[in-house]
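Asks: fold the following and give me the result.
(chains A and B)
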Amino acid sequence: MKSLILFFILLCLWLLMSGYYSILLISLGIISCAFCVLVANRGKLIDDEGLPIFFIPRLLNYLIWLFKEILKSNLSTAKVIINGKVEPETFTVKASQVTEVAKVTYANSITLTPGTVTTKMHKDVFEVHALNADFGNDIRTNEMDRKVTWLEGKK
Amino acid sequence: MVLIFDIFTGICFFIGSLSIIIGACGLIKLPDVFSRIHAAGMIDTGGTAFFILGMVFQTGWSLVTVKLILIGVFIFFTSPVTSHVTANLARQKDIVPVGKKIGKIL
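Replies: Okay, here's the model as predicted:
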């Protein structure tokens, strides 16, 4: 089932990237996608971690929220750089997600919003470096943690 | 109609280049490696996102648009990884961040 989903994703990517729709090229695409899926299957890469399809139903909602956050923190980072009011702080937060993929998503979301970077992680504790107390408070309210847990949908 | 898209492209390019310039200033100005990563992250997200958005306005609906959006998606997924690797390596080399530490850090 998952191999079939991976095959369709790869085939869509092939069709979008090539732009030529002759029978020869499409059949070549089908053959190479099938070969890729075969190799991934033999390497046992197709599981929840390699193909996190349980994200998909809520992904769009989360991405819109994340883009809004990125835009907001981009503005405040620019302000901090121009003002020069830099008071860096380092702290730890606890991630409440179950699966590894969701934890990585949370850590990546923290890093993706400018002003906060995940510097280290050990089990479910992340060490976060923030440019300013405001950025730190944004993470410490655990709003992003709740959103990612909701995105994961396992609780 | 073409004029409106040109204006949108101009606005997007302006915002993108502004955030890249501010990010570059931050790279020079900020105190230590961890703070500089924030400026680099600003270039990665704000700069590239607005430049790609501006280019999407120029191409309209075609396969080129899809390729541009795919470039954006791949940058979106890979840039936090590089930021994290830089920060993590600095921590492993026992570089302690400037500024206050709240609670017990790892």
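Asks: tell me, how many residues neighbour residue 91?
Replies: I went with chain A, as the question did not name one. One way to gauge burial is a neighbour count; for residue A:91, by other Cβ atoms under 10 Å in any protein chain shown, it gives 18. The C-beta positions use only the backbone N, C-alpha and C, and glycine is treated the same way.
Asks: let me rephrase: I mean chain B.
Replies: The burial count assigned to residue B:91 is 20, neighbours taken as other Cβ under 10 Å.
Asks: packing partners of the host helix or strand of it?
Replies: Applying DSSP states H and E as the criterion places residue B:91 in helix B:63-92. The helices and strands touching helix B:63-92, judged by 3 or more Cβ pairs under 8 Å, 6 or more residues apart in numbering or on different chains; DSSP states H and E, are helix A:2-18, helix A:100-112, strand A:116-122, helix B:33-42, helix B:48-59.
Asks: pick the most buried one from these.
Replies: Highest mean neighbour count among the helices and strands packed on helix B:63-92 (mean count of other Cβ atoms under 10 Å in any protein chain shown): helix B:33-42, with a mean of 24.
Asks: extract the C-alpha set from that one and format it as CSV.
Replies: C-alpha atoms of helix B:33-42 as CSV (Å, rounded to 0.1, in the frame of the first residue of the first chain):
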residue,chain,number,x,y,z
VAL,B,33,28.1,31.9,16.1
PHE,B,34,24.6,31.0,17.5
SER,B,35,23.3,34.5,17.1
ARG,B,36,24.7,34.6,13.5
ILE,B,37,22.8,31.5,12.6
HIS,B,38,19.5,33.5,13.2
ALA,B,39,20.6,36.0,10.6
ALA,B,40,21.5,33.2,8.2
GLY,B,41,18.1,31.7,8.9
MET,B,42,16.4,35.0,8.0
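Asks: list of residues touching that helix?
Replies: By Cβ atoms under 8 Å, 6 or more residues apart in numbering or on different chains, the surrounding residues in contact with helix B:33-42 are A:74, A:77-78, A:81, A:86, A:88, A:90, A:111-112, A:114-117, A:119, A:129, A:131, B:19, B:22-27, B:30, B:79-80, B:83, B:86-87, B:90, B:95, B:97-98.
Asks: 6 Å instead, please
Replies: Contacts made with helix B:33-42 from outside it, assessed by Cβ atoms under 6 Å, 6 or more residues apart in numbering or on different chains, are listed as A:74, A:77, A:88, A:114-115, A:117, A:129, A:131, B:19, B:23, B:26-27, B:30, B:83, B:86-87, B:90, B:97.
Asks: check the offset of that helix from the chain's centre.
Replies: Relative to the centre of its chain, helix B:33-42 is centred 10 Å away, using Cα atoms, centre = their mean, to the nearest Å.
Asks: again, but for stretch B:74-86
Replies: Stretch B:74-86 has its C-alpha centroid displaced from the chain centroid by 10 Å (Cα atoms, centre = their mean).
Asks: so what touches it?
Replies: Residues external to stretch B:74-86 that are found in contact with it (Cβ under 6 Å, 6+ apart): A:108, A:111, A:112, A:117, A:118, B:37, B:41, B:44, B:48.
Asks: make a markdown table from the residues you listed and add pLDDT to it.
Replies: What follows is the contacts of stretch B:74-86, written out as a markdown table (pLDDT from 0 to 100):
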| residue | pLDDT |
| --- | --- |
| A:108 | 89 |
| A:111 | 89 |
| A:112 | 88 |
| A:117 | 88 |
| A:118 | 89 |
| B:37 | 87 |
| B:41 | 85 |
| B:44 | 84 |
| B:48 | 90 |
